[in-house]
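1. Predicted coordinates and the sequence they were generated for:
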Amino acid sequence: MSVIDNRKIGPLVSVIVPTFNRPKFLSQALASVLRQTYANLQVIAVNDGGQDVTGVVNSFADHRVIFINRKENRGKAFSLNEALARATGKYVAYLDDDDLYYPNHVETLVGALEGQTGCGVAYSDFYKVSCRVMPDGARQVLSKVVEVSRDFDRFFMLYFNHVLHVCLMHHRDLLEKTGPYNEDLKVLIDWDMTRRLAFFTDFCHVCEITGEYYNPIDQSDRMSVRWRKDKNEYLKNVLTIRTTRPPKPWPKIEDVSVIFAPDRLDGETGKTIGSIWRYTFFPYRLYLPLPEAGFGRIRTDMPGIIPVPVNPVFSVTRRIDTALQACDGELVAIVPAGFPIKDFWIENSLYALINSSVPRHAFELENSTDALWAAVIRRADLKYARQAFPDLPVRQSLHAAGVVLNRPRPEQFPFRFDNLLQQARLAAKNGSWVEAAEVFEHIADHYQNTLWMKGLAAKAFFEAGDHIKSAKLAGEVNRQRPTVDTLLLEAKLNREKKKFPPAIKLLGKAEQILEGSELLWT
């Protein structure tokens with residue numbers, strides 16, 4: 001990159017700013033974009049049928065701003081797609097109209113994407129700003145906390161979002177693979193897109209705080225918050241997102257073909273199919289080997305169901321073999337009628353298989369029994385076993401073919417980080433600060449998300465009375481990426497030791513962040 005007027009020049013970045021009835025906050029949001037240290041910007045503001053903000057946009061008199069002043073309210077997803085149709089940048093970033101970029105946000109993420117990471121998406125950390133909206137519309141800041149500072153976890157992304165859209169920048173051409181934003185969704189619009197991006201690229205987490213997103217404590221006017229109150233609508237959106245399958249090929253995610261071979265389509269079979277739909281978050285298609293006469297009874301509103309015609313006299317093994325020929329997933333799950341379906345019913349074994357380096361390895365599902373045998377196998381291994389030993393039942397053919405069948409151990413399950421984090425937070429909630437501190441520190445030492453966990457451990461050690469350990473961890477965080485919490489904590493510990501000059505300096509930095517006086521636009 002070259003430097004002109006002390007501002008970095010590089011590839012064009014399109015920043016999309018949808019807005020709806022927030023003219024005062026929009027002015028601050030746009031100012032934060034236009035005062036970036038990175039100059040080569042295309043800023044696309046989209047008014048989603050709210051009150052006229054033409055005066056706000058025109059007040060900047062900046063040729064880099066494109067304004068779409070739509071009179072009809074069509075929703076955020078429509079606005080994003082409308083803006084993307086006008087976007088010409090190599091990269092795309094997003095900013096809600098009530099949030100703020102710090103001056104280095106765009107430069108930081110462009111640097112990550114232009115670097116040697118090989119990632120098509122980069123994201124940073126933001127402060128969650130709890131605030132009170134005053135009668136005159138001003139926001140009274142109550143706290144600034146880095147609530148999430150999480151390294152990329154593709155498996156977790158399939159389950160739920162852990163990357164805020166406002167923190168994110170991606171290659172624009174990835175949208176040719178993911179497709180546009182889903183305009184039928186009411187909530188979790190950003191997760192739907194972020195999840196689809198994970199099929200095609202890795203994400204680079206830049207562990208720097210480069211902005212703020214606002215959280216009014218009284219009553220949020222965000223449409224996403226309002227829609228979450230309808231539990232049925234919320235679940236419908238979640239299921240839609242989890243069953244969305246962008247066009248193949250998927251370079252970063254393997255597909256699962258679930259073979260479910262019930263004797264007949266009855267009420268219990270329907271419940272099992274519905275449970276698979278509700279509880280499966282890994283990408284899958286459900287293959288049903290059934291006589292053609294039963295096809296008309298399959299619910300067509302459930303996505304990802306592939307009917308496979310079979311002879312009515314076929315045995316279960318013959319039906320599985322017939323379905324296997326139709327499967328196109330790299331991984332295959334065999335599920336018998338009557339098998340219990342619940343949270344992580346397949347994902348625990350899938351995660352173990354995906355991360356296994358043992359050749360010809362397969363995993364039984366957790367609730368598998370001799371009577372209800374279920375497993376996940378690589379399709380190539382299953383096909384080899386069935387071709388080599390077609391007269392044996394499926395399970396015996398795998399053994400004969402040398403496929404090693406195991407049950408996953410707890411340490412092979414996904415979300416080990418999340419389970420430990422939940423354990424530590426529960427200990428802290430119950431006042432067991434020593435346990436909480438030790439678990440937070442263990443996570444920092446053995447998992448990703450190091451600075452986030454060190455900050456939590458520093459607070460827990462302080463509450464547990466171990467101020468030496470607390471000071472050490474808080475100091476480590478503040479030397480790399482200070483936050484309000486860790487600055488105040490280290491200042492308090494310095495004051496206890498009567499080290500007043502460094503305490504005053506730390507307090508001053510925390511005050512600057514809280515007041516926003518370190519920002520260029522204040």
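-> Received it, and whenever you're ready, just let me know what you need.

2. Got the domain ranges for the protein?
-> Listed by automatic domain parsing, the domain ranges of the chain are 2-242, 256-412, 416-515.

3. Output those in JSON lines; the columns should cover mean neighbour count, mean pLDDT and distance to residue 250.
-> Using the backbone N, CA and C atoms, a C-beta is placed for each residue, glycine as well. As requested, those are exported to JSON lines (neighbours: other C-beta atoms under 10 Å; pLDDT from 0 to 100; distance: least, C-beta to C-beta, whole Å):
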{"stretch": "domain 2-242", "mean neighbour count": "18", "mean pLDDT": "92", "distance to residue 250": "4"}
{"stretch": "domain 256-412", "mean neighbour count": "17", "mean pLDDT": "93", "distance to residue 250": "8"}
{"stretch": "domain 416-515", "mean neighbour count": "18", "mean pLDDT": "95", "distance to residue 250": "23"}
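
4. So which of those domains is nearest residue 249?
-> With C-beta to C-beta as the measure, domain 2-242 is the member of those nearest residue 249 (8.9 Å).

5. Adding distance to residue 248, write the domains of the chain out as a markdown table.
-> A markdown table is the format used below for the domains of the chain (distance: least, C-beta to C-beta, whole Å):
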| stretch | distance to residue 248 |
| --- | --- |
| domain 2-242 | 9 |
| domain 256-412 | 8 |
| domain 416-515 | 29 |
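
6. Pick out the residue closest to the middle of this protein.
-> Of all residues in the chain, the one closest to the mean position by C-alpha atoms, centre = their mean is residue 161, 2.5 Å from it.

7. any idea what sits nearest that one, other than its immediate chain neighbours?
-> What sits nearest to residue 161 in space, not counting adjacent residues and going by C-beta to C-beta, 6 or more residues apart in numbering, is residue 191, at 3.6 Å.

8. helix/strand/coil for the most far-flung residue of the chain relative to its centre?
-> Residue distances from the centre of the chain (C-alpha atoms, centre = their mean) peak at residue 313, which lies 45.8 Å from the mean C-alpha position. The three-state label for residue 313, taken from DSSP: H, G, I helix; E, B strand; the rest coil, comes out as coil.

9. Is the residue nearest to residue 161 within a helix or a strand, and which one?
-> When elements are assigned from DSSP states H and E, residue 191 belongs to helix 189-197.

10. Check residue 287 too.
-> Here residue 287, judged by DSSP H and E, is contained in strand 284-290.

11. Dump the C-alpha coordinates for that strand into CSV.
-> This file holds the C-alpha atoms of strand 284-290, laid out as CSV (Å, rounded to 0.1, in the frame of the first residue of the first chain):
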residue,chain,number,x,y,z
TYR,A,284,-26.8,-33.1,5.4
ARG,A,285,-29.3,-34.7,3.1
LEU,A,286,-31.7,-37.4,4.3
TYR,A,287,-32.0,-40.4,2.0
LEU,A,288,-35.2,-42.5,2.4
PRO,A,289,-35.2,-45.9,0.6
LEU,A,290,-38.9,-46.6,0.3
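
12. Can you list the strands that that strand pairs with?
-> The sheet places strand 284-290 alongside strand 256-260 (parallel), strand 305-309 (parallel), with pairing taken from DSSP bridges.

13. circling back to that earlier point, if I look at the residue nearest to residue 161, how far off is residue 238?
-> Separation of residue 191 from residue 238 (C-beta to C-beta, to the nearest Å): 9 Å.

14. who touches both of these two?
-> When contacts are counted by C-beta atoms under 8 Å, 6 or more residues apart in numbering, residue 191 and residue 238 have no shared neighbour.

15. ok, back up a step: adding distance to residue 515, write the strands paired with strand 284-290 out as CSV.
-> CSV is the format used below for the strands paired with strand 284-290 (distance: least, C-beta to C-beta, whole Å):
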stretch, distance to residue 515
strand 256-260, 51
strand 305-309, 56
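
16. right, so of the ones you listed, which gets closest to residue 103?
-> Closest approach to residue 103 among those (C-beta to C-beta): strand 256-260, 44.5 Å.

17. and whichever helix or strand comes after that closest one, how far from the chain's centre?
-> For strand 256-260, the succeeding helix or strand toward the C-terminus, using DSSP H and E, is helix 267-279. Using C-alpha atoms, centre = their mean, to the nearest Å, the mean C-alpha position of helix 267-279 is found 26 Å from that of the whole chain.

18. any residues touching helix 267-279, and which ones?
-> Outside of helix 267-279, the residues within contact range by C-beta under 8 Å, 6+ apart are 239, 243, 258, 260, 262, 284, 286, 288, 299, 302-305, 335, 337-339, 341-345.

19. Taking strand 284-290 as reference, get the angle to that helix.
-> On the basis of axes from the mean of the first three to the mean of the last three C-alpha atoms, to 10 degrees, helix 267-279 is oriented at 170 degrees to strand 284-290.

20. Spell out the residue ranges of the strands in the stretch 51-200 of the chain.
-> Assigned by DSSP state E, counting those that start in this stretch, the stretch 51-200 of the chain shows strands spanning 65-70, 91-94, 100-101, 121-133, 139-145, 168-171.

21. Nearest to residue 437, out of these?
-> Once C-beta to C-beta is applied to the strands of the stretch 51-200 of the chain, the stretch that comes out nearest is strand 139-145, at 18.6 Å.

22. Just send the strands of the stretch 51-200 of the chain back as TSV, with distance to residue 395 too.
-> Putting the strands of the stretch 51-200 of the chain into TSV (distance: least, C-beta to C-beta, whole Å) gives the following:
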stretch	distance to residue 395
strand 65-70	59
strand 91-94	49
strand 100-101	56
strand 121-133	41
strand 139-145	51
strand 168-171	44
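
23. List just the one of these that sits closest to residue 452.
-> Taking C-beta to C-beta as the criterion, strand 121-133 is the member of those that comes nearest to residue 452, at 8.4 Å.

24. Mind giving me the packing neighbours of the closest one?
-> Packed against strand 121-133 by the contact rule (3 or more C-beta pairs under 8 Å, 6 or more residues apart in numbering; DSSP states H and E) you find helix 105-114, strand 139-145, strand 168-171, strand 203-216.

25. can I get the ones you listed in TSV with distance to residue 385?
-> Listed next are the helices and strands packed on strand 121-133 as TSV, based on distance: least, C-beta to C-beta, whole Å:
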stretch	distance to residue 385
helix 105-114	44
strand 139-145	53
strand 168-171	41
strand 203-216	36
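
26. do you know which of the ones you listed lies nearest residue 82?
-> strand 168-171 (18.0 Å).

27. Next, the contact list for residue 30, please.
-> For residue 30, counting by C-beta under 8 Å, 6+ apart, the contacting residues are 17, 43, 45, 56, 57, 60, 65.

28. and it, what helix or strand is that in?
-> Applying DSSP H and E as the criterion places residue 30 in helix 23-34.
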